[in-house]
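Participant: pasting the sequence and the predicted coordinates here, then a few questions.
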Amino acid sequence: MSLKFLTWNLENFFLLPATSATYNPKPKEKVEAIAQVFKELTPDIAFVMEVGGLASLDHFNEHYLNEKYRVFLKRGNSNRGIEVGYLIKRSFLKKYDLIADLISHSHKPINFLYPHEHQENKKALIKGHKNRHHSHRMSRDLAELRLYQKSDGQKERPVAIFLGAHLKSKLDRDGIDWQGTKRRRAELKYCLDIYQKRENTFHGKCPLFLTGDFNGECHQQKLDPEFQDLAHLSDEKGLVLDFSDHLGLAREECVSFIGMDKAKKPFPLQLDYFFFHERWLKFIEKEDCGFYRYKNPEGMPYPIPQNPGARFSLPSDHYPLITSWNDQILAKGHKA
């Protein structure tokens, strides 16, 4: 049997009014198309991003997915009201006698200040004043999902942990961090620090995964400068750079986002990832992993959009990422 995991940025997935200043509901036809992908792929666990709050995800589950999932989402730090959360299939939890727990990291400092904030703190210190600035937090959240064996009667020994993140975008409205590079690097470092802490706590015996929209390229053929810490951890600790690097996929198949340049020409990118330690490679079911392509009414995949209009017609500007695992990986975590 398999455990199927989905990572998907749903792009402004507002179904009901939430905490954002403006409420622009996702078009109904796009919501229906997203629901159809869920019904086709039937993921056991889905990590979803850019969700317009808990109410929107609950509404989607109730009205489009027949309440087949349990919803896990805690409010993060986004000033746009775009949150990260999980959908976990009820039948999956029941079948494996599991309980789930979601830990939010949104309130935790990531040990990062912008250079000008460091300077202002330094000047304040010289004058004998308190710091003017304190560490920033994650732009959205690092959502830590833990699965436990219910029959154990304890929560000290998870059978699997998923760390889901939506890192800082490349927008720099304040002109203080070109393409958000410094902030994104700090957020990734925080994610990797938590990853390593969990590795150490459970002595490498608990399946541990890091996934989400990283808003940059960090695969074997291209590693943006802000992701160098990821390469170092991979070299030293055996963290696999990305699942797609081990599937024999051509790089042009590993597309999760279509950007448009100033000339309105497409530039395909991989922004979404699924990282794990090489010790778990033997459990991955390669033939069922990859990047989903949206389909037309006849069931044929749409081509990669060649203009903004074609991209806008898709359910989301991101493509879903699918990984599939032999369910024996849960037994390994259970015996940790």
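Facilitator: Arrived safely, thanks for sending. Residues are numbered from 1 along each chain as shown.

Participant: quick one: find the helix or strand in this protein with the lowest mean pLDDT.
Facilitator: strand 239-240 (a mean of 70; mean pLDDT, DSSP states H and E).

Participant: isn't residue 171 up against residue 177?
Facilitator: No: under the criterion of C-beta atoms under 8 Å, residue 171 makes no contact with residue 177, lying 9.7 Å away. Where you see a C-beta, it was placed from the backbone N, CA and C, and this is true even at glycine.

Participant: compare those two (neighbour count), which wins?
Facilitator: Legend: neighbour count by other C-beta atoms under 10 Å for residue 171 and residue 177, higher for residue 177 (18 against 10).

Participant: can I assume residue 151 sits in a strand?
Facilitator: No: judged by DSSP: H, G, I helix; E, B strand; the rest coil, residue 151 forms no part of a strand; its state is helix.

Participant: quick one: it and residue 96 touch, right?
Facilitator: No: using C-beta under 8 Å as the test, residue 151 is too far from residue 96 to be in contact (10.2 Å).

Participant: more neighbours: the two, which one.
Facilitator: A direct count of neighbours by other C-beta under 10 Å for residue 151 and residue 96 places residue 96 higher, at 18 against 10.

Participant: pull the CA atoms of the lengthiest helix in the chain into PDB?
Facilitator: Ranked by residue count, the top helix of the chain under DSSP state H comes out as helix 181-201. Only the C-alpha atoms of helix 181-201 are listed here, as PDB (Å, rounded to 0.1, in the frame of the first residue of the first chain):
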ATOM      1  CA  THR A 181      16.900  37.200  -0.900                       C
ATOM      2  CA  LYS A 182      18.100  38.000   2.600                       C
ATOM      3  CA  ARG A 183      14.800  37.200   4.200                       C
ATOM      4  CA  ARG A 184      14.300  34.000   2.200                       C
ATOM      5  CA  ARG A 185      17.700  32.800   3.200                       C
ATOM      6  CA  ALA A 186      17.000  33.400   6.900                       C
ATOM      7  CA  GLU A 187      13.600  31.600   6.600                       C
ATOM      8  CA  LEU A 188      15.200  28.600   5.000                       C
ATOM      9  CA  LYS A 189      17.900  28.500   7.600                       C
ATOM     10  CA  TYR A 190      15.200  28.500  10.300                       C
ATOM     11  CA  CYS A 191      13.500  25.600   8.600                       C
ATOM     12  CA  LEU A 192      16.700  23.700   8.300                       C
ATOM     13  CA  ASP A 193      17.500  24.300  12.000                       C
ATOM     14  CA  ILE A 194      14.200  22.800  13.000                       C
ATOM     15  CA  TYR A 195      14.700  19.900  10.600                       C
ATOM     16  CA  GLN A 196      18.100  19.200  12.200                       C
ATOM     17  CA  LYS A 197      16.700  19.500  15.700                       C
ATOM     18  CA  ARG A 198      14.000  16.900  14.900                       C
ATOM     19  CA  GLU A 199      16.700  14.600  13.300                       C
ATOM     20  CA  ASN A 200      18.700  14.800  16.500                       C
ATOM     21  CA  THR A 201      15.800  14.400  18.800                       C
END
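
Participant: and that helix, what does it pack against?
Facilitator: strand 142-149, strand 158-166, strand 208-213, helix 228-237 (3 or more C-beta pairs under 8 Å, 6 or more residues apart in numbering; DSSP states H and E).

Participant: give me the neighbour count for the nearest residue to residue 302 once chain neighbours are set aside.
Facilitator: Spatial nearest neighbour of residue 302, excluding adjacent residues (C-beta to C-beta, 6 or more residues apart in numbering): residue 294 at 5.1 Å. Using other C-beta under 10 Å, the number of residues around residue 294 comes to 17.

Participant: do I have it right that residue 294 meets residue 313?
Facilitator: No: using C-beta under 8 Å, residue 294 makes no contact with residue 313, being 9.2 Å away.

Participant: next structured bit after the least confident helix or strand of the chain?
Facilitator: strand 257-260 (DSSP states H and E).

Participant: and that following strand, what's buried?
Facilitator: Of the residues in strand 257-260, 257-258, 260 count as buried by neighbour count, 16 or more other C-beta atoms under 10 Å.

Participant: how about stretch 217-234?
Facilitator: So, applying 16+ other C-beta under 10 Å, buried residues of stretch 217-234: 217-219, 223-224, 226-227, 230, 233-234.

Participant: what would those look like in a markdown table with pLDDT and distance to residue 285?
Facilitator: Shown next, in a markdown table, are the buried residues of stretch 217-234 (pLDDT from 0 to 100; distance: C-beta to C-beta, whole Å):
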| residue | pLDDT | distance to residue 285 |
| --- | --- | --- |
| 217 | 92 | 25 |
| 218 | 89 | 23 |
| 219 | 85 | 20 |
| 223 | 87 | 27 |
| 224 | 91 | 29 |
| 226 | 92 | 32 |
| 227 | 92 | 27 |
| 230 | 83 | 24 |
| 233 | 73 | 25 |
| 234 | 67 | 22 |
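
Participant: who are the contact partners of the residue positioned nearest the centre of the chain?
Facilitator: The centroid of the chain falls nearest to residue 212 when counting by C-alpha atoms, centre = their mean (1.9 Å). By C-beta atoms under 8 Å, 6 or more residues apart in numbering, the contact set of residue 212 is 7, 47, 49, 84, 164-167, 272-273.
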